[in-house]
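1. the amino acid sequence is not available; the structure is as follows:
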């Protein structure tokens, strides 16, 4: 029983982690592709 | 505690859900980029404006550009702004200290033929459509002015007298700021959208003419109707007009 519950939580944590990573990477790639040519670092 | 082989196993087990999360998170990430880059509300939530945002939205530039097209800043400035937004959000008017200076090259990207750099254009306006915008270097008085130099200092908003900021009528000469500086090329902001204008009002104003042409037409008529009443069309006619305007008027 406990192991089944743990698996479900792991999937959820994985999804949330992936969601944050995916959103962050996409945003950063697109945003930096505009900002860096315009103003630099 | 977990050993490394156990951690690897857990991560491998989580991999499908992580990949699914990455896919699902891509769309919100894209939408966040769209909001920060294309939506003026992102900028105006913090940057102090009086009615500059309204002026921009109602102007031709509002439909064709984003704030970022003209207002460039470094990456580190975005990071600083995040801190300022939390700690000390600016308020109008006490925190409005200066007018942003937009370089001539930014205007040139759309309004001058064969502009050196079009990379500044990121807004909804397509690069193909930029070719259809009339080019000012091909018009008579624009090309004449752009080739000239001036020693007048390009002023910030707060360096203008209160009456000089008004655009209704020509201002008394003794109230205008004629501060001199190093000789420089005349730039778009000398007449369009510079400190003489309120934010994002890019119409050329008579007080911009007066700053250089103080001794010209000092008659009552000029003071009543202004400079553009007579000279507006000279800024629109092609510079390479084969016949002088006088001849064309006689023929017609």
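-> Sure, I can see it. As the structure is a computational prediction, the values presented were derived from the model and not from experiment. Residues are numbered from 1 along each chain as shown, chains lettered A, B, ... in the order given.

2. and the residue nearest to residue B:113 when sequence neighbours are not counted, what does it touch?
-> Nearest non-adjacent residue to residue B:113, counting by CB to CB, 6 or more residues apart in numbering or on different chains: residue B:135, 4.0 Å away. Using the backbone N, CA and C atoms, a C-beta is placed for each residue, glycine as well. Residue B:135 makes contacts with B:111, B:112, B:113, as judged by CB atoms under 8 Å, 6 or more residues apart in numbering or on different chains.

3. which ones are touching the nearest residue to residue B:85 once chain neighbours are set aside?
-> Take residue B:85 and drop its neighbours on the chain: the residue closest to it by CB to CB, 6+ apart is residue B:46, 5.1 Å away. Residue B:46 makes contact with B:81, B:84, B:85, B:89, B:90 under the criterion CB under 8 Å, 6+ apart.

4. in a helix, the last one, correct?
-> Right, residue B:90. No: if the criterion is DSSP: H, G, I helix; E, B strand; the rest coil, then residue B:90 is coil and not within a helix.

5. now do it against chain A, distance only.
-> Remark: distance between residue B:90 and chain A (CB to the nearest CB, to the nearest Å) = 20 Å.

6. ok, that residue touching residue B:81?
-> No: in this structure residue B:90 lies outside contact range of residue B:81 using CB atoms under 8 Å: 10.0 Å.

7. got a quick ChimeraX command for the buried subset of the contacts of residue B:135?
-> Buried subset of the contacts of residue B:135, written as a ChimeraX selection, criterion 16 or more other CB atoms under 10 Å in any protein chain shown:
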select /B:111,112
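
8. would you turn the contacts of residue B:135 into TSV with pLDDT, secondary structure and distance to residue B:38?
-> Below are the contacts of residue B:135 laid out as TSV (pLDDT from 0 to 100; DSSP: H, G, I helix; E, B strand; the rest coil; distance: CB to CB, whole Å):
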residue	pLDDT	secondary structure	distance to residue B:38
B:111	87	helix	21
B:112	84	coil	25
B:113	84	coil	27
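
9. of the contacts of residue B:135, which is the nearest to residue B:183?
-> Top of the list for closeness to residue B:183, among those and by CB to CB, is residue B:112 at 21.4 Å.

10. before we move on, what SS does the residue nearest to the closest one when sequence neighbours are not counted have?
-> Here the nearest residue to residue B:112 in space, its sequence neighbours aside, is residue B:137; by CB to CB, 6+ apart that works out to 4.9 Å. On the three-state scheme (three-state DSSP), residue B:137 is labelled helix.

11. how far away is residue B:137 from chain A?
-> 24 Å.

12. do you know the pLDDT at residue B:156?
-> At residue B:156, the pLDDT value in this model is 63.

13. do residue B:142 as well
-> Per-residue pLDDT puts residue B:142 at 88.

14. likewise for residue B:96?
-> Residue B:96 is given a pLDDT of 66.

15. cool, residue A:18 as well?
-> 94.
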